[in-house]
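**Q** no sequence on hand, only this structure:
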């Protein structure tokens, strides 16, 4: 029987790491490879016409996989300049590095849905990571970001290995290849099908010299080092690994090597006989091609014109390619990419999720009233506060778009909610003659009518003869407080505590720090569920990302307009600093 691994040639282009490091301004290019460093790199990478294996086998698509049986690793590298920063000091940074760190530490990213935690070469938990990164951002010109995703990442999360140890070994190998000492911190993420690590590397070497990564090492060397380390940990790839990969590709919703192999066997009418698929290939691969053809038929990309003969749709490859970033259903591939010339466009989120091999990249699909179905290539950080049904506005931002969240909850969730909702804000604004905030969609107009009927039936307002809805005095505040109290009481029942409502302001603000036990998406917005001993409180967080599960926070009563008192929530930083994150956004007292 032919060797199964001989058919990996179909996927060679899928396995290649293509380093994407932007051309620097100010001379930070690969020219730093001269002299001793260049000699070390030449020796370290000798015989590797990337991507070649350590054994000198190239990854030419026409060659068999059998030439390089090392573990596969996706390695993505990028660098980011600090605004106004510089070696030896400077003002600036723009906060982008800290914002990235907060994203990496977000809730649900680590194992068992916990919050991500930074580690480094020695420490299992770098408690002052944010302060350290803040110093890098202020003092250095740039930093580097590396994402390491072993194809068998799940094995590193189990009995066969340790993702942290793997990452440390890769960074140690990188130091040996470059001949320099590096400062770095990393976070492991388990929020995708394949566990992976995010590394932030300081833009200054440990000897105080500005760090410049050679272009050829960025493009190929890091991946080669990571593949060697992964193979050392869990051994070479096996036939079992290949069979598992084939099973995933048969059911995939995006373009893969089985589709490319199938495309080569179509006649001019885009037809193929199932029995003829994969002739001359290994039985496992040929069977997978036939199974994939049937799956394409099920997806509506092919039809059986006569017994065991399938004809592929004219645009089947384009539609699979459109779905490649995200495994979205057939109808979602009918949209078009957002363009900045569209201006500000509002709509409803139909689908969202990661795209491609890089778990930081995402695709957002939005149904709009005037532009139809729009697709936006974006990042996971930008969609982490959205769900299917969320209402958003896309706004031009350079060559892409900025995402403005109008409402986390769908309009159907809001119609009968006993809470202050975005529909309520819209109804209130209409009554005051203000500009509309929500997109002019039939579903939203119908939801506004239903919401007004629900509110009127519950004595929270009245509709006038002209059809406008007017809230009773204080109705929206009562709805807001009722939702917070329900959430707080529910949390208290679950954890055996005592909920402190708005009447307990002295207890809320005067007895020390609170611990953030949970963050919930309520209609009022992201809300921190706080614990202090047996005491429990529920406080909205506003739009800040600078707080998460496990943080210690303080509450403070502040005066607002018309002497309305509300709570300000602030995070206690490691060095005794406090940062306000929600003035006037907490519970009204």
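**A** Structure received. Quick caveat, the model's predicted, so the values are computed rather than measured. Numbering: from 1, shown residues only.
**Q** excluding chain neighbours, what is closest to residue 196?
**A** Of all residues not flanking residue 196 in the chain, residue 149 sits nearest, at 3.7 Å (C-beta to C-beta, 6 or more residues apart in numbering). Backbone N, C-alpha and C define where each C-beta goes, glycine included.
**Q** skip ahead from the helix or strand hosting the one you found and say which helix or strand is next.
**A** Following DSSP states H and E, one finds residue 149 within strand 142-150. Toward the C-terminus, strand 142-150 is succeeded by helix 153-156 as the next helix or strand (DSSP H and E).
**Q** buried sites along that next one?
**A** By 16 or more other C-beta atoms under 10 Å, the buried positions in helix 153-156 come out as 153, 155-156.
**Q** check what pLDDT residue 249 gets.
**A** If you check residue 249, the pLDDT there is 87.
**Q** okay, buried residues for the helix or strand it falls within please.
**A** Counting by DSSP H and E, the element that carries residue 249 is helix 239-250. Using 16+ other C-beta under 10 Å as the burial criterion, the residues of helix 239-250 that qualify are 241-242, 245-246, 249-250.
**Q** got JSON lines for those, with distance to residue 548 too?
**A** Shown next, in JSON lines, are the buried residues of helix 239-250 (distance: C-beta to C-beta, whole Å):
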{"residue": "241", "distance to residue 548": "36"}
{"residue": "242", "distance to residue 548": "40"}
{"residue": "245", "distance to residue 548": "35"}
{"residue": "246", "distance to residue 548": "40"}
{"residue": "249", "distance to residue 548": "37"}
{"residue": "250", "distance to residue 548": "39"}
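**Q** ok, these vs residue 386, which is closest?
**A** residue 249 (28.8 Å; C-beta to C-beta).
**Q** count of neighbours near the nearest residue to the closest one once chain neighbours are set aside?
**A** Residue nearest to residue 249 in three dimensions, not counting chain neighbours: residue 256, with 4.5 Å by C-beta to C-beta, 6+ apart. Look at residue 256: counted by other C-beta atoms under 10 Å, it has 20 neighbours.
**Q** is it true that residue 256 touches residue 246?
**A** No. The criterion here is C-beta atoms under 8 Å, and residue 256 misses it with residue 246 at 9.8 Å.
**Q** on contacts alone, who are the packing partners of the strand holding residue 149?
**A** strand 73-81, helix 163-178, strand 196-202, helix 222-234 (3 or more C-beta pairs under 8 Å, 6 or more residues apart in numbering; DSSP states H and E).
**Q** these: lowest mean pLDDT?
**A** strand 73-81 (a mean of 88).
**Q** what's the first helix or strand after it?
**A** helix 96-104.
**Q** run through the stretch 251-400 of the chain and note the low-pLDDT ranges.
**A** Low-confidence segments of the stretch 251-400 of the chain (pLDDT under 70): 322-334, 355-359.
**Q** in it, which spans are strands?
**A** Taking DSSP state E, counting those that start in this stretch as the criterion, the stretch 251-400 of the chain contains strands spanning 271-273, 302-306, 309-312, 336-337, 345-354, 361-368, 372-379, 391-397, 400-407.
**Q** can I get these in a markdown table with mean neighbour count and distance to residue 219?
**A** Below are the strands of the stretch 251-400 of the chain laid out as a markdown table (neighbours: other C-beta atoms under 10 Å; distance: least, C-beta to C-beta, whole Å):
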| stretch | mean neighbour count | distance to residue 219 |
| --- | --- | --- |
| strand 271-273 | 17 | 37 |
| strand 302-306 | 13 | 37 |
| strand 309-312 | 19 | 35 |
| strand 336-337 | 12 | 27 |
| strand 345-354 | 21 | 23 |
| strand 361-368 | 22 | 19 |
| strand 372-379 | 18 | 22 |
| strand 391-397 | 19 | 28 |
| strand 400-407 | 19 | 24 |
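**Q** need the ones you listed in TSV with distance to residue 172, can you?
**A** Below are the strands of the stretch 251-400 of the chain laid out as TSV (distance: least, C-beta to C-beta, whole Å):
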stretch	distance to residue 172
strand 271-273	50
strand 302-306	49
strand 309-312	49
strand 336-337	41
strand 345-354	29
strand 361-368	28
strand 372-379	29
strand 391-397	39
strand 400-407	36
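**Q** sorry, back to before: looking at the helices and strands packed on strand 142-150, which is closest to residue 316?
**A** Proximity to residue 316 (C-beta to C-beta) singles out strand 73-81 among the helices and strands packed on strand 142-150, at 26.4 Å.
**Q** got the angle for the closest one vs strand 361-368?
**A** For strand 73-81 against strand 361-368, the angle by axes from the mean of the first three to the mean of the last three C-alpha atoms, to 10 degrees is 80 degrees.
**Q** which strand residues bridge residue 367?
**A** On the basis of DSSP bridges, residue 367 is bridged to residue 348, residue 373.
**Q** mind listing what it touches?
**A** Neighbouring residues of residue 367 by C-beta atoms under 8 Å, 6 or more residues apart in numbering: 347-348, 350, 373, 441.
**Q** thought residue 336 was touching residue 372?
**A** Yes. Counting by C-beta under 8 Å, residue 336 does reach residue 372; the two are 7.2 Å apart.
**Q** how far away is residue 80 from residue 200?
**A** To residue 200, residue 80 is 10 Å away according to C-beta to C-beta, to the nearest Å.
**Q** more neighbours: those two, which one.
**A** residue 200 (25 against 16).
**Q** thought residue 186 was touching the more buried one, still the case?
**A** Yes. The pair residue 200 and residue 186 passes the contact test of C-beta under 8 Å, sitting 7.3 Å apart.
**Q** for the protein, longest helix please?
**A** In the chain, taking DSSP state H as the definition, the longest helix is helix 475-495.
**Q** how far out from the middle of the chain is the helix or strand that that helix is followed by?
**A** Downstream of helix 475-495, the next assigned helix or strand under DSSP H and E is strand 498-499. Between the centre of strand 498-499 and the centre of its chain there are 35 Å (C-alpha atoms, centre = their mean, to the nearest Å).
**Q** could you report the neighbour count for the residue nearest to residue 313 when sequence neighbours are not counted?
**A** The shortest distance from residue 313 to any non-neighbouring residue, by C-beta to C-beta, 6+ apart, is to residue 301 (5.2 Å). Other residues within reach of residue 301, judged by other C-beta under 10 Å, total 20.
**Q** residue 301 contacts residue 320, correct?
**A** Yes. Taking C-beta under 8 Å as the definition, residue 301 is a contact partner of residue 320 at 7.2 Å.
**Q** what's the domain layout of this protein?
**A** 17-50+70-237, 240-320, 325-407, 411-473, 477-580 (automatic domain parsing).
**Q** hmm, back to that, shared neighbours, residue 80 and residue 200?
**A** By C-beta under 8 Å, 6+ apart, residue 80 and residue 200 have these common neighbours: 97, 100, 143-145.
**Q** just among those, which is most surrounded?
**A** residue 143 (26 neighbours).
**Q** what's the pLDDT at the closest residue to it other than its chain neighbours?
**A** Spatial nearest neighbour of residue 143, excluding adjacent residues (C-beta to C-beta, 6+ apart): residue 203 at 4.9 Å. The model reports residue 203 with a pLDDT of 93.
**Q** wait, residue 203 touches residue 210, no?
**A** Yes. Under the criterion of C-beta under 8 Å, residue 203 makes contact with residue 210 at 6.7 Å.
**Q** looking at these two, which one has more neighbours?
**A** Ranked by neighbour count (other C-beta under 10 Å), residue 203 and residue 210 place residue 203 first, with 25 against 15.
**Q** among the buried residues of helix 153-156, which one sits closest to residue 477?
**A** Ranked by distance to residue 477 (C-beta to C-beta), the buried residues of helix 153-156 are led by residue 153 at 48.4 Å.
**Q** burial measure for residue 278, as a count.
**A** There are 23 residues near residue 278, going by other C-beta under 10 Å.
**Q** over to the one 4 residues further on?
**A** If you count neighbours by other C-beta under 10 Å, residue 282 ends up with 18.
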